[in-house]
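>>> Okay, structure incoming, though there's no sequence with it:
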């Protein structure tokens, strides 16, 4: 009897103990614990940033495509830069930068 009288009243409350056990289980032992949630949030942010970058790249590519469809000068510039095409009286010098 003396042992039970030394325990504080709040520690005898079964609802508090059950709540603490539930919180402990959810934080550390559950399949969706806090560490996993944090990892998923960081992964989501990384994927959202990648999506923004890809959307920007898509819009730039669409603009370039529109220019290629309408402007012969742009077609010539693109062919010279991407495929190293040249006119008959020209020489091309490639410089590799590392």
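Happy to help now that I have it. Just so we're clear, the structure is a prediction, and the values are computed from it rather than from any experiment.
>>> Would you mind giving both backbone torsions of residue 40?
Main-chain dihedrals, residue 40, degrees, to the nearest 10: phi -70, psi -40.
>>> Might you report the residue contacts of it?
By CB atoms under 8 Å, 6 or more residues apart in numbering, the contact set of residue 40 is empty. Every residue, glycine included, has its C-beta placed from N, CA and C.
>>> just the helices in this protein please.
Here the chain has its helices, by DSSP state H, at 2-5, 9-12, 14-24, 34-70, 72-83.
>>> Export those helices as JSON lines, with columns for distance to residue 98 and mean pLDDT.
Output for those, formatted as JSON lines (distance: least, CB to CB, whole Å; pLDDT from 0 to 100):
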{"stretch": "helix 2-5", "distance to residue 98": "77", "mean pLDDT": "71"}
{"stretch": "helix 9-12", "distance to residue 98": "69", "mean pLDDT": "82"}
{"stretch": "helix 14-24", "distance to residue 98": "56", "mean pLDDT": "92"}
{"stretch": "helix 34-70", "distance to residue 98": "25", "mean pLDDT": "94"}
{"stretch": "helix 72-83", "distance to residue 98": "20", "mean pLDDT": "85"}
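>>> Could I get the ones you listed in TSV, plus columns for distance to residue 97?
Shown next, in TSV, are those (distance: least, CB to CB, whole Å):
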stretch	distance to residue 97
helix 2-5	80
helix 9-12	71
helix 14-24	58
helix 34-70	23
helix 72-83	15
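>>> quick one: which of those helices is nearest residue 95?
Closest approach to residue 95 among the helices of the chain (CB to CB): helix 72-83, 13.7 Å.
>>> How about residues contacting the closest one?
Outside helix 72-83, the residues that touch it by CB under 8 Å, 6+ apart are 64, 67-68, 85-86.
>>> With adjacent residues omitted, what lies nearest to residue 86?
In this structure, residue 86 finds its nearest non-sequential neighbour in residue 92, 5.3 Å apart by CB to CB, 6 or more residues apart in numbering.
>>> Would you mind measuring from that neighbour to residue 81?
According to CB to CB, to the nearest Å, residue 92 stands 11 Å off from residue 81.
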